[in-house]
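> what follows is a predicted protein model with its sequence.
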Amino acid sequence: MTSIHQYYAEKKDIPEIYNLLVHYKETDLVDLDFPEIDRGKLTHFITTILLKGKIILLKDLDNYELIGCCMFNKSEYFFSKTEIMMIQMIYIKQNYRNFKMVKQIIESVKRQSEDMPIVLSITSGLGVDPVFAKLGFENMGGNWRLL
């Protein structure tokens, strides 16, 4: 059985997070006609989330491979000063994905949210709505892209 370690990222983890997100784009998102990754912009995004929020990392301890992450930060509704916890993205490599692991990540976000509503927007085009419905998220609409 694989041993998975969950922990919060630090600045030293940025290159490994970058490589994981490149893997995500090149495998799971390859057929979605997204633009090429800009290294500087993605690195800046990771750094900004580390400064303003948190990044949960999942590492396979058997081979020391980073297998997943969740990036989130406090924000506000665009129409109110009421705070929300905004999940920017969740990714777990395909061969490691299971409901228990996603639930564990969401529970970690809940502990950090201080009873704020948690908002998650799925913009990848991947059909994962049933997983998040099972975790208690309410569908508040959809994401649309005009090409």
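Nice, thanks for sending it over. Numbering: from 1, shown residues only.
> pull the residues that contact the strand or helix carrying residue 22.
For residue 22, the element it lies in under DSSP states H and E is helix 14-27. With contact meaning Cβ atoms under 8 Å, 6 or more residues apart in numbering, helix 14-27 is reached by 9, 34, 37, 39, 42-43, 46-47, 50, 55, 57, 66-69, 91, 93-94. From N, CA and C alone the C-beta is placed, and that goes for glycine too.
> please flag which of the residues you listed sit within helices.
Judged by DSSP state H, helices contain the following of the contacts of helix 14-27: 39, 42-43, 46-47, 50.
> which among the residues you listed end up buried?
Restricting the ones in helices among the contacts of helix 14-27 to buried positions leaves 42-43, 46, 50, with burial counted as 16 or more other Cβ atoms under 10 Å.
> how about TSV for those, with distance to residue 107 added?
Below are those laid out as TSV (distance: Cβ to Cβ, whole Å):
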residue	distance to residue 107
42	27
43	29
46	23
50	21
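> could I get those as TSV with pLDDT and distance to residue 98?
Compiled in TSV, those are given as follows (pLDDT from 0 to 100; distance: Cβ to Cβ, whole Å):
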residue	pLDDT	distance to residue 98
42	97	27
43	98	30
46	98	25
50	97	27
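> for those, which one is nearest residue 73?
When those are compared for distance to residue 73 (Cβ to Cβ), residue 50 wins out at 9.6 Å.
> now that closest one: how far from residue 29?
Going from residue 50 to residue 29 by Cβ to Cβ, to the nearest Å gives 23 Å.
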